[in-house]
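Peer 1: Below are the sequence and a predicted model; questions follow.
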Amino acid sequence: MRVAVLGASGFIGSRLVEMFHLEGIAEVRPIARRVSSLAGPSRFRLDGRIADGRDRESLAAAFADCEIVVHAVAGAPSVILGTIAPVYEAAEKAGVRRLIYLSSASVHGQNPASGTTESSRLSVRQAIPYNNAKVRAERRLRRLRARGTVELVMLRPGIVFGPRSTWVSGFADALIDGKAHLVDRGRGICNSLYVDNLIEAIRTAMSAPSADGEAFLLGDREQITWADLYRPIAAALGFDLESLEDAVSVDPDPAARALLKRARRSPLARGLSAVLPTRVRRALKSATSGLEDPSAELSAWTRPTAPRPIATLEMELLAKCRYKLPFDKATRFLGYEPLVSFDLACRRTVAWLEFAGYPVRDPSR
Amino acid sequence: MSVPSLPTRVALVGCGAVAELSYAPALRVLSAEGLLEVGALVEPNAESSRRLETAFPSARVHRDATALSGATIDLAIVASPPRFHAEQTIRLLREGISVLCEKPMAATSLEAESMIAASVAGKRILAVGLIRRFLPAARTIRAFLARGVLGDLQDFHFTEGGRFRWPTRSADYFRPGAANGGVLADIGTHVLDLIVWWLGEPTDVRYEDDAMGGVELNCRAELRFPAGFQGVVRLSRDCDLPSRCFIRGRKGSLLWSIDEPEHLTLHFEGVPWVVSGRLHELTPASLQPGAGRRAANFEQSFVEQLRNVVASVRGEEQPFVGGTEALAAVRLVESCYRHRTLMPMGWLNEREGARAETLSLQDTVR
């Protein structure tokens, strides 16, 4: 079976190519947007192709002779939505049997209500644009499937971690830079999914007969917290997770902060500043200070200290989660079982950290 | 050889990304100074040469380097894919044209030696584009080490990496057989050349990479030197490694972030502060070490490289990096590939690991 992997240079795509090729699961065809993005798959002798996810012609050529297409393109909402119709239509033109789309559990929000399942109502009015884009992408795909011939399986993975994951490298970098923090002491439920378990789900989704047109939540078997996810990373790098500070406030909208900064530097604001009474100026500054980077205010008489950790809105919402999303539908329809335990997943992730040059102190953890 | 008062006539052989992004701007600077003129562009792919044709409208465009035979060209810059370097360079030298060959100079030391022999026989300049030797920080490090500023050396760590973003247009860049190798042959040539230039040739090499039938994305080399110290080189087109060189001696250590060619950080044993700052040219007339002009950045250093080669062709200077100088790095790259083993990849399961070992053996000869 020949499988085209669109987004082959990304975190999930690269592991998918690696695992399918090394395990001999399928003949893999990595597809990337630029020649430079073929660097990763080129560790293997594979038939890599170049195609833009928004260009039907180049996609159809790249999908030729492939039975399955895995859509693993990551990106901004415009990329998420801009690739949906071209990929589906190109797959149809190339005679692809099934399209497996990597959606996200985020369609249910970062803090899903207890009892959430695949059949729960989805909203496009969520605070995080990524979530809305994924909901819209799924809806577009369903419409395309309704009138098209290519079968469709949509996977909704939770927090996918493992080698090359930014959940892992980002936290490791923050630890090393002294900027790591927890939110709510890491007590929130992390709907984790080790990348190899996601790939196992993709494998099962390629052939499961009754999966067409369905969406599936995916997760690891264990219920874990954010502290559980971060602890092995911290330990491997010689940090004590419990000593990390808790972030205290939601990061305001970065766009709003940039707007404020620009507004303050504008000729109008400078002109007003010159004529407004000091008390009024101070009051205005106080009212808007929550939107500013606290590290920006420095005095010549004090040495600068590290800024207080500020959680992003996404992390704030994720940290509030108290519900483990179910994956029983994937088990029933696809035969999906998470083959890699969370403990083993963490050990493999730490092995990658060491490979990637992080100063791992105890690779056995 | 051209008459010194006339601009040196230059041909650019290969109009890919390095020609467009690095050589073309440097050529324009020296062309504006009247030091050279671009007389020919050689590129088999018409689309690739189009932008450079606009930049150098008076240059004749050829699809093959053999067309330069009999042309009034003093210097050819060979910036074609590495597998063509040896053949094109030797042919040009035999035609009486001096050559600046972009790194890697050659795929094998045998090829490199043939290139040097052609240069000697034809009495023409063979320079190699190892730009990092022109960077102020690299030159300062060499001077520090030669003067024993850090004391007896203990070890060094050279790491460099990140997602591969070089705007190459050809997938040949990654194709075994077409490419001479992966990250080691590419960035590694620069890194190993600096190491040899600073520290001499290692006596013992251990090397591992992650090529499994293709070209390596990651590699790691351990190098041991006659003086007893050793160092690690870790390179990647994959992982975000800090691009820096750390050298530790008994008196102190130095750190160079490769992305900052005009900065250095120094620390001396027992001192609770580090010196971290920008390099400046020494003010020549001052009794005290006055900080003159800012040291050259990467782009300005690239121009200086080209200026040195042009001056060498005119007989005014010696090439700063000649073919013989560059040979050591070619040999070291070759030695690494000869000793290669598969990098441990602890995230692979048992079946994958076994298959990876099998596939990696397919790649022992490049």
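Peer 2: Okay, I see it. Numbers count the residues shown, from 1 in each chain, chains lettered A, B, ... in the order given.

Peer 1: What lies in contact with stretch B:294-314?
Peer 2: With CB atoms under 8 Å, 6 or more residues apart in numbering or on different chains as the test, stretch B:294-314 has contacts from B:1-2, B:4, B:8, B:10, B:22-23, B:25-27, B:29-30, B:35-36, B:74-75, B:98, B:100, B:125, B:127, B:129, B:131, B:134-137, B:261-262, B:278-281, B:317-321. Placement of C-beta: from N, CA and C, glycine included.

Peer 1: For the stretch 51-200 of chain A, what lies in contact range of chain B?
Peer 2: Taking CB under 8 Å from any CB of the partner chain as the contact definition, the stretch 51-200 of chain A meets chain B at A:162-164, A:169, A:173, A:196.

Peer 1: go with 7 Å
Peer 2: Within the stretch 51-200 of chain A, the positions near chain B by CB under 7 Å from any CB of the partner chain are A:162-163.

Peer 1: re the thing from before, what about the contacts of stretch B:294-314, which are in strands?
Peer 2: Within those, residues falling in strands by DSSP state E are B:8, B:10, B:36, B:75, B:98, B:100, B:127, B:129, B:278, B:280-281.

Peer 1: For residue A:205, state which of those is nearest.
Peer 2: residue B:129 (49.2 Å; CB to CB).

Peer 1: Tell me which residues touch the closest one, please.
Peer 2: B:100-103, B:305 (CB atoms under 7 Å, 6 or more residues apart in numbering or on different chains).

Peer 1: now the top helix by length along chain A, how far from the chain's geometric center?
Peer 2: Ranked by number of residues, the top helix in chain A under DSSP state H is helix A:129-147. When C-alpha coordinates are averaged (CA atoms, centre = their mean, to the nearest Å), helix A:129-147 and its chain have centres 17 Å apart.

Peer 1: Residue B:207 falls within a strand, correct?
Peer 2: Yes - per DSSP: H, G, I helix; E, B strand; the rest coil, residue B:207 lies within a strand segment.

Peer 1: could you point out which element follows the longest helix of chain A?
Peer 2: strand A:151-157 (DSSP states H and E).

Peer 1: Show me what that following strand is packed up against.
Peer 2: With contacts defined as 3 or more CB pairs under 7 Å, 6 or more residues apart in numbering or on different chains; DSSP states H and E, the packing partners of strand A:151-157 are strand A:98-102, helix A:129-147, helix A:195-205, strand A:214-218.

Peer 1: can you do 10 Å?
Peer 2: Strand A:151-157 sits against strand A:68-71, helix A:84-94, strand A:98-102, helix A:129-147, strand A:192-194, helix A:195-205, strand A:214-218, helix A:328-334, with contacts defined as 3 or more CB pairs under 10 Å, 6 or more residues apart in numbering or on different chains; DSSP states H and E.

Peer 1: possible to save those as CSV with mean neighbour count and mean pLDDT?
Peer 2: Output for the helices and strands packed on strand A:151-157, formatted as CSV (neighbours: other CB atoms under 10 Å in any protein chain shown; pLDDT from 0 to 100):
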stretch, mean neighbour count, mean pLDDT
strand A:68-71, 27, 98
helix A:84-94, 21, 98
strand A:98-102, 24, 98
helix A:129-147, 18, 97
strand A:192-194, 27, 98
helix A:195-205, 24, 98
strand A:214-218, 23, 98
helix A:328-334, 18, 98
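
Peer 1: Those: which one's closest to residue B:109?
Peer 2: Going by CB to CB, the one of those nearest residue B:109 is helix A:195-205, 41.4 Å.

Peer 1: now the closest one against strand A:98-102, angle please.
Peer 2: Counting by axes from the mean of the first three to the mean of the last three CA atoms, to 10 degrees, helix A:195-205 lies at 150 degrees to strand A:98-102.
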